[in-house]
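the following block contains a protein sequence and its predicted model.
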Amino acid sequence: MPKICILTAAPDYFEDLGPARRTYQRLLGGDIAFRHWTDPGDLTGFDLVLPLLVWGYQRDWPRWFALLDQLERQRINCANPVPVLRWNSDKSYLLELEQAGVAVVPTLISEVLTLEDIANAAQEFGSDALVIKPPISGGADGTFRLMAGEPLPNSIAGKQMLIQPFQPAIAEEGEYSLFYFAGTFSHAILKRPAKGDFRVQEFLGGSESGTDCPAGAQELAAQARQAAERILATGPLLYARVDMLRDPAGDFRLMELELIEPSLFFEHAADGGTLFASAVEAALLG
């Protein structure tokens, strides 16, 4: 019987992984193994390793990249592949996708964040409301909404940061997430932040609901996925979550392409996740 290992968050991670573990056991079988990514032990005996629950890796990214090096060195069959995981770990990939013709939320990188960088970004974007986040981030860690002229929080001043114009649609309509398994569309959700916030994560008060795809959403998702596959010289990825919202002109723009440890929200999939399970089975056979 094929041996599958899912890498999970560190033992002290604050979110409860129990529901996600039970979902993957339902889809992939009760005998799958779960290993903490921070100390996974010997993975060479597994037929397939999936880093689906490595939540919080951005908090110890040197160890994360060391693990990726180890997986690559030992030629572990990992899905998504290690080069994809390494590329997707740093959100500067948005600039590569933009250069490939994908409509992304406008993004600048400050190597050493200063108030001057904020002022210049506000002028370039034509927006005094900005979102600042680390290039290696997740779960809204280290993410701030700032107005030009506000003092910089000590936690981000002088550090490498991404700067983006705040998108009002996040509060007015929400953020769409589209899910693909082996290149095939599965389902979509609409995530909304709590009142007065801009972060959509559930533990911050955000909520989600199943939704149909508005016009243009799947087209942008296809462009983003295909551009990433060209950049990385890979075939259709086993799993991908494409996050997007509308810009002030009403056009969809890519927020993130989640290829490492995305919450997959199978409760909103019409098939309950069968397409995902089939993609994993095909990866084992291939």
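Arrived safely.

tell me where the stretch 51-200 of the chain is predicted with low confidence.
139, 194-200 (pLDDT under 70).

all strands for it, in order.
Using DSSP state E, counting those that start in this stretch, the strands of the stretch 51-200 of the chain run over residues 108-110, 129-133, 144-147, 161-165, 175-181, 184-192.

buried ones in the last one?
By neighbour count, with 16 or more other C-beta atoms under 10 Å as the criterion, the buried positions of strand 184-192 are 186-192. Every residue, glycine included, has its C-beta placed from N, CA and C.

tell me what that strand is packed against?
strand 175-181, strand 207-210, helix 217-232, helix 274-285 (3 or more C-beta pairs under 8 Å, 6 or more residues apart in numbering; DSSP states H and E).

in terms of secondary structure, what does the last one contact?
Spelled out, it's helix 274-285. helix 18-28, strand 48-53, strand 175-181, strand 184-192.

buried deepest among those, which one?
With neighbours defined as mean count of other C-beta atoms under 10 Å, the helices and strands packed on helix 274-285 peak in mean count at strand 175-181, which reaches a mean of 24.

that one: partners in the sheet, and parallel or antiparallel?
Strand 175-181 has its sheet partners listed here by DSSP bridges as strand 184-192 (antiparallel), strand 239-246 (antiparallel).

which residues does the spatially most central residue of the chain bridge with?
Taking C-alpha atoms, centre = their mean as the criterion, residue 258 is the residue nearest the geometric centre of the chain, at 2.8 Å. Note on residue 258: beta-bridge partners by DSSP bridges are residue 241.

pull the contacting residues for it.
88, 240-243 (C-beta atoms under 8 Å, 6 or more residues apart in numbering).
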